[in-house]
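Q: Can you look at this prediction? I've put the sequence above it.
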Amino acid sequence: MPRPFLVRYAGLAGTLLLAVAAWYGGATNPWEPTVTPRTILAGRDGVLLPLAWLFGTALLIGAWWAGRRVVPSTRWAYVTAGLWALPLLPFLPLGSYDVYSYACQGWQQAAGSDPYAGGVDLLGCPWADAVAPTWRDAPAPYGPVFLVLAAAAAKLGGSLTGTVALLRLIAVLGVVVIGWCLPVLARRRGVPPERAVWLVLACPLVPIHLISGAHNEAVMIALLLAGLTVAVTGAGVRRMLLAGVLLGLAVGVKATAVVVLPFAVLIFGRKTAAVVVGGGAAAALAAVSFGSGLGLGWVTGLAGSGVSVQWTALPTAIGLTLELIGVDGAVGVTRVVGMVALVVVLIALWVFTLGNGKDPVLYAGLALAATVVLAPVFHPWYALWPLAVLAATVRRETLWLVVPCAVAAALCLPDGYNLALASRAQGAVVMTVLAGYLAWKVLHEANRDSRRLGAAHGGDRGPRRDP
């Protein structure tokens, strides 16, 4: 078993190498053709950049993986996660160009335009050249809460560099709030707080995508965990209202946070909770939506978020596999089926929690996991949604949480090219076969358990008679 010292400094070596990769090949301004496996093999990107990315990512994932069982204290986990993040702060964003889209959407909002009316090609932005071409004609797919924050960053930052720096600061503050909430939730569930902090804050997705990439997941998850923390630490109308407000603000960053609201109501276990929590969420969301002048236009903006077609999203993978065998238009159909299945699963989880007295926070995490698995689009940083909740609520083996996050952390090249694009057909087939196997395994285990239960009941009916 590795020692904590080795874990800490192996991970630090990893982020130092990733800082080198960010310096040489991070998301640049203006946008440049992406670093891809083809450009790397052709030698266009040199030797240092791909090696720094490869070994840096491997060291960071390996240290996080190995450290799961050697975390000596919560403080040690905080310090180690902070050390791992520090080298990435001064350099170009890693993993995507999204932060430049944030900056332009913030500039549009600050200038009095409506970011939901069109992309930078229609509304303009002084930093439009930094936005990835895929998103230049897309309206903002985020809620008004984040656009208000991005507008403040654009106003105070002035330049693109200043705006990105402030957006990164907002993300860092979000990670700090996440770190503050995790031990509180973990202790309530009987989970070692040091393990919860380690699994989330030291997860490679945090330094790469939340800190370096400044993704707005940091804000959404911070508000979501803050709302759940308020809910589990007390009762009363004020607590309900505050929890509702915080969760409503989380929805105002990304609409997917809404799946947690029904489970937050169950935490309070009172008939008035639905009204107070729901009312607080609706009031907070309405106040920001109309106070910012944006109204509810952000709801229609969500339609543009499905432009990405990659096998990393299960419904899309199944559709791609069907198209490979000749079924035209299958992706659109399987995505719709996935959304219907998600609604059914979310309702089933809520009803099961209500009827069996299960921990609502745990099932809120499972609801987020179902949302990630069944959504039509998956980006690596989405894996942090369920991880942030489940790390503080799952008491037993967490390998099933760690493996998907480790894989997700290795998917993006330095400036955002997703390796899933280079393995479209193969990945789709593998994902479909894996999903089929897991579905069969679940059904097989359920059937075996029912047979055992039936045999046990049959054995209780009386002694067997010999023929």
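A: Looks like it arrived, so ask away.
Q: show me where pLDDT drops low in the stretch 301-450 of the chain?
A: Low-confidence regions of the stretch 301-450 of the chain, defined here as pLDDT under 70, cover residues 301-307, 442, 444-450.
Q: Let me see the ranges of the helices in it.
A: Taking DSSP state H, counting those that start in this stretch as the criterion, the stretch 301-450 of the chain carries its helices at 314-324, 330-356, 360-374, 384-390, 399-409, 424-459.
Q: And for the stretch 101-250 of the chain?
A: Counting by DSSP H, counting those that start in this stretch, the stretch 101-250 of the chain has helices at residues 120-123, 144-157, 160-189, 193-201, 205, 217-232, 237-251.
Q: Domain parsing of this protein, as residue ranges.
A: The record, using automatic domain parsing to delimit domains, assigns the chain the ranges 4-308+379-417, 309-378+427-455.
Q: want to try CSV for those domains, with mean neighbour count as columns?
A: The way it works is simple: take the backbone N, C-alpha and C, and place the C-beta from them, glycine included. Listed next are the domains of the chain as CSV, based on neighbours: other CB atoms under 10 Å:
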stretch, mean neighbour count
domain 4-308+379-417, 21
domain 309-378+427-455, 17
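Q: Let's see the pLDDT reported for the residue lying closest to Tyr24 once chain neighbours are set aside.
A: Closest residue in space to Tyr24, ignoring its immediate chain neighbours: Leu49 at 4.5 Å, by CB to CB, 6 or more residues apart in numbering. What the model reports as pLDDT for Leu49 is 96.
Q: Which strand or helix spans Leu49?
A: Counting by DSSP states H and E, the element that carries Leu49 is helix 48-66.
Q: Just the C-alphas of that helix, formatted as CSV.
A: Extracted C-alpha coordinates of helix 48-66, given in CSV (Å, rounded to 0.1, in the frame of the first residue of the first chain):
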residue,chain,number,x,y,z
LEU,A,48,6.9,17.3,-24.9
LEU,A,49,3.2,18.2,-25.1
PRO,A,50,1.7,14.7,-25.6
LEU,A,51,4.1,13.2,-23.1
ALA,A,52,3.4,15.8,-20.5
TRP,A,53,-0.4,15.2,-21.0
LEU,A,54,-0.1,11.4,-21.0
PHE,A,55,2.2,11.0,-18.0
GLY,A,56,0.6,13.9,-16.1
THR,A,57,-2.9,12.4,-16.5
ALA,A,58,-1.7,9.0,-15.6
LEU,A,59,0.1,10.1,-12.4
LEU,A,60,-2.9,12.2,-11.3
ILE,A,61,-5.4,9.4,-11.8
GLY,A,62,-3.0,6.8,-10.3
ALA,A,63,-2.4,8.9,-7.2
TRP,A,64,-6.1,9.6,-6.7
TRP,A,65,-6.9,5.9,-7.1
ALA,A,66,-4.1,4.7,-4.8
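Q: what comes into contact with the following helix or strand past it?
A: The element immediately downstream of helix 48-66 (helix or strand, assigned by DSSP H and E) is helix 74-85. Contacts to helix 74-85, defined as CB atoms under 8 Å, 6 or more residues apart in numbering, come from residues 4, 7-8, 11-12, 14-15, 60, 67, 71, 172, 175, 179, 183, 193-194, 197-198, 201-202, 206-207, 211.
Q: what's the spacing between helix 74-85 and its chain's center?
A: 20 Å (CA atoms, centre = their mean, to the nearest Å).
Q: Now it: average pLDDT?
A: Confidence over helix 74-85 (mean pLDDT, whole number) is 98.
Q: Give me the nearest residue to Val232, chain neighbours excluded.
A: With CB to CB, 6+ apart as the measure, Arg188 is the residue that lies nearest to Val232, at 4.9 Å, once sequence neighbours are left out.
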